[in-house]
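1. Got a sequence here, can you build the structure:
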Amino acid sequence: MTRQEFQKLTRKILLVDGATGSNLMAMGMPRGTCTESWVLEHKEVLQNLQRAYIEAGSQVIYAPTFGANRMNLAKHGLEKNIREMNLALAGISQEVAKETPGILVAGDVSPTGAMMEPMGNLTYERAFEVYQEQAGYLLEAGVDLIAVETMYQIEETMAAIDAIRSVCDLPVLCTVTVEADGSLFTGGDATEAAVSFEAAGADAVGVNCSVGPDQLISVIRNIHENVSIPVIAKPNAGMPLIDDKGNAIYSMSAAEFARNMKALVDAGATIIGGCCGTTPEYIREVARACRLDVR
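-> Just a heads-up that it's a prediction; the model follows:
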């Protein structure tokens, strides 16, 4: 997909998918495992989830490449398999997308897990190399766009955008995870980040994960008022409670989530979906609340 085609597509509300990790754990993925390896061994679980998102109304599904950069894979001793894993993981989602005309696959890119200088030892140059490598493999795999998500450092995200732009001209979506007041965990705020990402060449900016949609109205409105590109809202199903077994329990219902997502659309979000705690039913309710066509 070209950036011009993406611009035309986002003149209307674009509905993306919901959570992956929390659903995979509910479907049997052990905590602490390498998600990417588990998906390769249980691809039908991921594919059935993505089929359910498409049936619920999602127009974009995220390939399970979230942690498939060299630094994350090295934690599991898998860095030598990076190319094969990115190609295979993207292919799993592409198989599903081909079943329904018009469905797009986003290559998913995440933080390295290291802190940037001076808070840590990660340099801009090293971050650039890591993201450039993964972006090259995602381009080779044939993804339609690239989503840089759950970022918490502005400088690291800038390195990711620069790296992707050095490799390809695919649409790039960038989202940060924030506190309810819009502040990033490592300094700065969502609006400052969005403005910087747009200037660096991002095609859409916003927030994912973080808190529930009910706490993000002013954050989304402020981003919308300060950028000229589409605004993304992909929040959690509220704030989780941790049960006695260490499981995160999200109490916001699908209907309540959808009502609050409609408020985020009214505040300026045009690319919407869900993160932790959401399921295909949440996406279906969002589609209904926003009066989008549901398959």
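
2. Counting neighbours, what do you get for Leu173?
-> Leu173 has 30 neighbours, counted by other CB atoms under 10 Å. For the C-beta atoms, the positions are set from N, CA and C on the backbone; glycine is no exception.

3. Got the phi and psi for it?
-> In terms of degrees, to the nearest 10, the main-chain angles of Leu173 are phi -110, psi 130.

4. Tell me the bridge partners for it.
-> With DSSP bridges applied, the residues forming beta bridges to Leu173 are Ala147, Ala204.

5. Against Ile271, how distant is Lys12?
-> For Lys12, the distance to Ile271 equals 10 Å [CB to CB, to the nearest Å].

6. more neighbours, these two?
-> Between Lys12 and Ile271, counted using other CB under 10 Å, the more crowded position is Ile271 (26 against 10).

7. Mind telling me what element the more buried one is part of?
-> Using DSSP states H and E, the element containing Ile271 is strand 269-272.

8. Closest to the centroid, which residue in this protein?
-> By CA atoms, centre = their mean, the chain has its centre lying nearest to Glu149, at 4.3 Å.

9. Does anything pack onto the helix or strand encompassing that one? Which helices or strands?
-> Assigned by DSSP H and E, Glu149 belongs to strand 145-151. Judged by 3 or more CB pairs under 8 Å, 6 or more residues apart in numbering; DSSP states H and E, strand 145-151 is in contact with strand 60-62, strand 104-109, helix 154-167, strand 172-176, strand 204-209.

10. Can you add distance to Thr279 and mean pLDDT and give those back as CSV?
-> What follows is those, written out as CSV (distance: least, CB to CB, whole Å; pLDDT from 0 to 100):
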stretch, distance to Thr279, mean pLDDT
strand 60-62, 14, 98
strand 104-109, 18, 98
helix 154-167, 28, 98
strand 172-176, 20, 98
strand 204-209, 16, 97
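
11. how about those, which one is nearest Met71?
-> Smallest distance to Met71 across the helices and strands packed on strand 145-151 (CB to CB): 10.9 Å, for helix 154-167.

12. May I have that closest one exported as PDB, CA atoms only?
-> Extracted C-alpha coordinates of helix 154-167, given in PDB (Å, rounded to 0.1, in the frame of the first residue of the first chain):
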ATOM      1  CA  ILE A 154      10.300   9.500  22.000                       C
ATOM      2  CA  GLU A 155      13.900   9.100  20.900                       C
ATOM      3  CA  GLU A 156      13.600   5.400  20.400                       C
ATOM      4  CA  THR A 157      10.400   5.900  18.300                       C
ATOM      5  CA  MET A 158      12.200   8.500  16.200                       C
ATOM      6  CA  ALA A 159      14.900   6.000  15.500                       C
ATOM      7  CA  ALA A 160      12.300   3.500  14.400                       C
ATOM      8  CA  ILE A 161      10.600   5.900  12.100                       C
ATOM      9  CA  ASP A 162      13.900   7.000  10.600                       C
ATOM     10  CA  ALA A 163      15.000   3.400  10.100                       C
ATOM     11  CA  ILE A 164      11.700   2.400   8.500                       C
ATOM     12  CA  ARG A 165      11.900   5.400   6.200                       C
ATOM     13  CA  SER A 166      15.400   4.400   5.200                       C
ATOM     14  CA  VAL A 167      14.100   1.100   4.000                       C
END
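
13. Show me the helices in the stretch 51-200 of the chain, by range?
-> In the stretch 51-200 of the chain, the segments counted as helices under DSSP state H, counting those that start in this stretch are 70-74, 82-97, 124-141, 154-167, 190-200.
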